[in-house]
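Q: Quick check, what structure comes out for this input:
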Amino acid sequence: MSMLLTEEEGKEGLKLARRAIEKHLSENRRLKAEEAHLPARFEEDRGVFVTLNKHGNLRGCIGYPYPVFKLKDAIIDAAISAAVSDTRFPPVTKEEFEDIVIELTILSMPQVLKAAKPKDLPEQIEIGRHGLIVKKGMYQGLLLPQVATEYEWSAEEFLCQMCWKAGLPQDAWLEKDTEVSTFEGQIFKEEDGRGDGK
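A: Numbering: from 1, shown residues only. So this is what the prediction gives:
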């Protein structure tokens, strides 16, 4: 069975994210997944990130890198959290929500990279295809595949930025006890803030 969602399923996911945030902002309650009539695919456990953009600028991004929840529940929780719990931003207001464009990234299972020498890790990273997770001790960070493309980073720059995001020195990926994983993301994005997927 293909891990990829169809365009139609992606649009359903975007609608679900929008409805979940609307319900939270207007009624202060969590949308029940049963209220949305979703394809069977949404019963699968999947990792997912919900990104909110306003006038082309990041307004919130939260998600689950590992498939620990059913896709429908992961989308609802990540959408609400991206709107009101991303500590980098004030909570989204009901008034501004119509200006927000939602992006949904469905993740593949992260795979730990193995290299004889850490300096060979960049060779295993494909910009535009791979997202990264870095772990070292209590530090962990994640960047979605589209971030490296947006900033036109090389694989090496991507690793350095990833370490910095995790709160580590930028060259921490060169240390043997740093674990680097890649994952792939299937991206669905609204064309505007009205819930139309493209």
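Q: which helix is the longest one in this protein?
A: Determined from DSSP state H, the single longest helix within the chain is helix 7-27.
Q: Buried residues, that helix. List them.
A: 9-25 (16 or more other C-beta atoms under 10 Å). Bear in mind the C-beta positions are built from the backbone N, C-alpha and C, glycine included.
Q: can you check stretch 36-54 too?
A: Buried residues in stretch 36-54, defined by neighbour count with 16+ other C-beta under 10 Å: 36, 38, 41-42, 46-54.
Q: domains for the protein, by residue range?
A: The chain is divided into the following domains under automatic domain parsing: 7-107, 111-184.
Q: Going along the chain, name the strands of this protein.
A: In the chain, the strands defined using DSSP state E lie at 47-54, 57-64, 100-107, 111-112, 130-136, 139-143, 179-189.
Q: Redo these as CSV? Include distance to M3 and mean pLDDT.
A: Formatted as CSV, the strands of the chain follow (distance: least, C-beta to C-beta, whole Å; pLDDT from 0 to 100):
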stretch, distance to M3, mean pLDDT
strand 47-54, 11, 97
strand 57-64, 16, 96
strand 100-107, 8, 97
strand 111-112, 13, 96
strand 130-136, 15, 97
strand 139-143, 19, 95
strand 179-189, 8, 96
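Q: any idea how far stretch 20-33 is from the chain center?
A: On the basis of C-alpha atoms, centre = their mean, to the nearest Å, stretch 20-33 sits 20 Å off its chain's mean C-alpha point.
Q: If you could redo that for stretch 84-100, that was the one I meant.
A: Distance, centroid of stretch 84-100 to centroid of chain: 17 Å (C-alpha atoms, centre = their mean).
Q: May I have the beta-bridge partners of the residue nearest the centre of the chain?
A: Computing the C-alpha centroid of the chain and ranking residues by C-alpha atoms, centre = their mean puts F49 first, at 2.6 Å. Using DSSP bridges, the bridge partners assigned to F49 are G63, T105.
Q: which stretches of the chain have low pLDDT?
A: Low-confidence segments of the chain (pLDDT under 70): 1-2, 192-198.
Q: what packs against the longest helix of the chain?
A: Contact here means 3 or more C-beta pairs under 8 Å, 6 or more residues apart in numbering; DSSP states H and E; on that basis helix 7-27 packs against helix 71-84, strand 100-107, strand 179-189.
Q: and that helix, C-alpha only, in PDB?
A: Output in PDB follows, covering the C-alpha atoms of helix 7-27 (Å, rounded to 0.1, in the frame of the first residue of the first chain):
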ATOM      1  CA  GLU A   7      -4.500  14.900  -3.800                       C
ATOM      2  CA  GLU A   8      -8.100  14.400  -2.600                       C
ATOM      3  CA  GLU A   9      -7.000  13.000   0.700                       C
ATOM      4  CA  GLY A  10      -4.600  15.900   1.100                       C
ATOM      5  CA  LYS A  11      -7.400  18.400   0.600                       C
ATOM      6  CA  GLU A  12      -9.500  16.500   3.200                       C
ATOM      7  CA  GLY A  13      -6.500  16.800   5.600                       C
ATOM      8  CA  LEU A  14      -6.300  20.600   5.100                       C
ATOM      9  CA  LYS A  15     -10.100  21.000   5.600                       C
ATOM     10  CA  LEU A  16      -9.800  18.900   8.800                       C
ATOM     11  CA  ALA A  17      -7.000  21.200  10.100                       C
ATOM     12  CA  ARG A  18      -9.000  24.300   9.300                       C
ATOM     13  CA  ARG A  19     -12.100  23.000  10.900                       C
ATOM     14  CA  ALA A  20     -10.200  22.000  14.000                       C
ATOM     15  CA  ILE A  21      -8.700  25.500  14.500                       C
ATOM     16  CA  GLU A  22     -12.100  27.200  13.700                       C
ATOM     17  CA  LYS A  23     -13.900  25.000  16.300                       C
ATOM     18  CA  HIS A  24     -11.200  25.800  18.900                       C
ATOM     19  CA  LEU A  25     -11.200  29.500  18.200                       C
ATOM     20  CA  SER A  26     -15.000  29.900  18.100                       C
ATOM     21  CA  GLU A  27     -16.300  27.300  20.600                       C
END
